[in-house]
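Trainee: My questions are about this predicted structure, shown below with the sequence.
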Amino acid sequence: MKSKRAQRLAAAFLMLCCGLTAGAQTFEEWFDDRTLRLDYVFAGDASRQELYVDQLSQLPRWFGRRTRLAELPLAGNGQITVRAHRSQQVIYRHAFSTLFQEWLATDEAKHVRRSFENVFLVPFPRDTVDVTVELFDFHSRVQASMTHTVSPTDILISHKGEGTKTPHAGMTNAARGDGQRRTRGFQTPYVTLQQAADTTRCIHIAYVPEGYTEEQMFSFLDHCRIAMEALFRHEPFKAMRARFNIIALLAPSVDSGVSEPGNGLWLNTALDSHFDTFYSQRYLTTLHLKRLHDLLAGTPYEHIIILANTSHYGGGGIYNSYNLSYTGGEKFESVVVHEFGHSFGGLADEYPYGDDDPMYFSDTEPWEPNLTTLHDFSSKWQNLIDDGRASLIEGGGYLSKGVWRGKEDCRMRTNEEPDFCPVCQQALRRLINFYTE
């Protein structure tokens with residue numbers, strides 16, 4: 001019989017070996033080349049929030065990262081953690097922000113309880129996992145959480161994106177003009193605008209049309225190409241262009257245009273998006289995330305850019321969810337790039353906006369990489385201050401005081417500034433490397 005000391009040594013050795021083995025695990029050992037789509041309902045008001053599982057689905061392929069699975073490049077306003085059920089080892093993490101959390105900061109949330117759809121994608125597990133969803137308040141404290149168990153053999157996990165949908169005549173003609181129509185095995189037809197140099201280590205972007213009829217698919221594809229080239233005029237996207245795979249979804253709307261509640265205009269469009277979100281005239285969003293992801297099911301996508309067929313100025317971007325931009329005005333290119341800075345880069349707005357309903361406080365460092373409250377600044381852009389490329393300029397995050405940015409002007413501050421500042425460029429470069437290296 002072993003002594004207690006020998007037993008402890010044996011146990012320690014076993015734990016060390018397990019740790020080394022776990023560290024050496026590859027994507028294929030934990031996951032299949034499929035996607036687990038998680039649909040949730042987030043509900044409540046400013047004082048209490050609750051999270052509910054709505055539906056689980058599987059998609060035929062996985063188009064997210066295959067390395068650094070348990071790491072997060074940014075904290076976000078919420079996180080999903082996937083753990084192996086038996087060992088509780090973290091095998092995947094994902095960060096995000098939501099329109100629900102933005103709404104919680106409004107005056108309406110003090111008096112009304114509402115629910116919001118949310119959809120997240122994680123790689124499809126080979127074995128049973130526990131999925132934890134957490135929402136954070138503006139002080140980075142957990143304000144709501146839930147954990148549920150997912151078995152990959154659950155017969156009620158629906159299958160999406162595996163059928164074939166034949167494009168309508170107008171869609172077929174538009175796609176044929178590009179010469180890269182894709183329909184077989186996918187739910188919605190799409191056009192490939194740019195193929196990454198390595199499609200297994202790249203960032204997948206999908207353009208989605210909102211308010212374009214069948215006859216306007218040519219116009220939509222033109223707007224997609226304009227938006228794409230606008231993005232790649234900006235560093236670091238210009239230098240790292242080969243790491244992006246980009247498609248355009250061919251999903252027409254019944255009506256042409258986008259709803260404008262403030263003007264009494266309500267239209268029948270693919271995503272029922274509208275201006276006047278939270279009663280802000282130029283804030284353009286959609287609440288129908290399940291419908292959005294149903295349209296995209298089966299296509300190669302991870303990051304989503306929705307182009308709205310309207311000349312009414314506006315847009316919106318939510319980190320790791322989607323961004324939406326108007327297309328019918330002279331500021332279209334500036335807006336779509338700015339909003340992608342939000343949805344892909346997790347970059348914050350750098351302009352003041354009335355100092356009402358603050359989201360940043362002196363006791364908490366913003367998770368967004370381009371703002372600081374000086375609470376924990378050292379990890380942000382001290383290196384750029386040291387070499388003279390940036391400094392600390394007070395004002396940002398809708399506040400005139402107590403929040404600092406790195407340069408006087410930036411694409412995240414004004415539409416007139418042609419470039420991302422060095423702070424934002426550094427943050428974007430780090431993020432692209434995280435996804436693709």
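Mentor: On my side now, so go ahead.
Trainee: For the stretch 151-300 of the chain, which segments are assigned as strands?
Mentor: In the stretch 151-300 of the chain, the segments counted as strands under DSSP state E, counting those that start in this stretch are 158-159, 181-182, 190-194, 203-210, 244-249.
Trainee: The nearest residue to Gly314 once chain neighbours are set aside: how many residues sit nearby?
Mentor: The shortest distance from Gly314 to any non-neighbouring residue, by Cβ to Cβ, 6 or more residues apart in numbering, is to Arg282 (3.6 Å). C-beta: built from backbone N, CA, C; applies to glycine. Close neighbours of Arg282, defined as other Cβ atoms under 10 Å, add up to 15.
Trainee: My guess is Arg282 contacts Phe275. True?
Mentor: Yes - shown here, Arg282 and Phe275 form a contact pair, counting by Cβ atoms under 8 Å, at 6.6 Å.
Trainee: mind listing the helices for the chain?
Mentor: 4-23, 27-30, 99-103, 169-178, 217-231, 289-296, 332-343, 382-386, 422-436 (DSSP state H).
Trainee: what does the second one rub up against?
Mentor: To tie it back to what came earlier, the one meant is helix 27-30. 66-67, 69, 84, 91-92, 123, 125-126 (Cβ atoms under 8 Å, 6 or more residues apart in numbering).
Trainee: now with 6 Å?
Mentor: Identification of contacts with helix 27-30 by Cβ atoms under 6 Å, 6 or more residues apart in numbering yields 66, 91.
Trainee: Could I get the buried residue list for it?
Mentor: For helix 27-30, a neighbour-count test (16 or more other Cβ atoms under 10 Å) marks 27, 30 as buried.
Trainee: got the buried residues for the biggest strand by length in the chain?
Mentor: The longest strand of the chain (DSSP state E) is strand 31-44. Of all the residues in strand 31-44, those buried under the rule 16+ other Cβ under 10 Å are 31-32, 34-44.
Trainee: Present the residues you listed as CSV; the columns should include distance to Gln382 and pLDDT.
Mentor: Output for the buried residues of strand 31-44, formatted as CSV (distance: Cβ to Cβ, whole Å; pLDDT from 0 to 100):
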residue, distance to Gln382, pLDDT
Phe31, 37, 98
Asp32, 42, 97
Arg34, 42, 97
Thr35, 38, 98
Leu36, 39, 98
Arg37, 40, 98
Leu38, 37, 98
Asp39, 41, 98
Tyr40, 37, 98
Val41, 41, 98
Phe42, 36, 98
Ala43, 41, 98
Gly44, 38, 98
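Trainee: what two of these are the furthest from one another?
Mentor: Greatest spatial distance among the buried residues of strand 31-44 (Cβ to Cβ): Asp32 and Gly44, at 34.4 Å.
Trainee: I'd assumed Asp130 was in contact with His85.
Mentor: Yes - if you go by Cβ atoms under 6 Å, His85 and Asp130 touch, sitting 5.4 Å apart.
Trainee: Report the residue ranges of every domain in the chain.
Mentor: 28-159, 169-343 (automatic domain parsing).
Trainee: Out of those, which is the most enclosed?
Mentor: domain 169-343 (a mean of 20; mean count of other Cβ atoms under 10 Å).
Trainee: to the chain's geometric centre, what's the distance from that one?
Mentor: How far domain 169-343 lies from its chain's middle: 13 Å, per Cα atoms, centre = their mean, to the nearest Å.
Trainee: Same check on stretch 397-413?
Mentor: The mean C-alpha position of stretch 397-413 is separated from the chain mean by 22 Å, Cα atoms, centre = their mean.
Trainee: Return the set of buried residues in that stretch.
Mentor: The neighbour-count check on stretch 397-413 (16+ other Cβ under 10 Å) flags 397-399, 402-407, 409-413 as buried.
Trainee: hang on, the earlier thing: distance to Tyr353 added to the domains of the chain, as a markdown table?
Mentor: Shown next, in a markdown table, are the domains of the chain (distance: least, Cβ to Cβ, whole Å):
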| stretch | distance to Tyr353 |
| --- | --- |
| domain 28-159 | 12 |
| domain 169-343 | 10 |
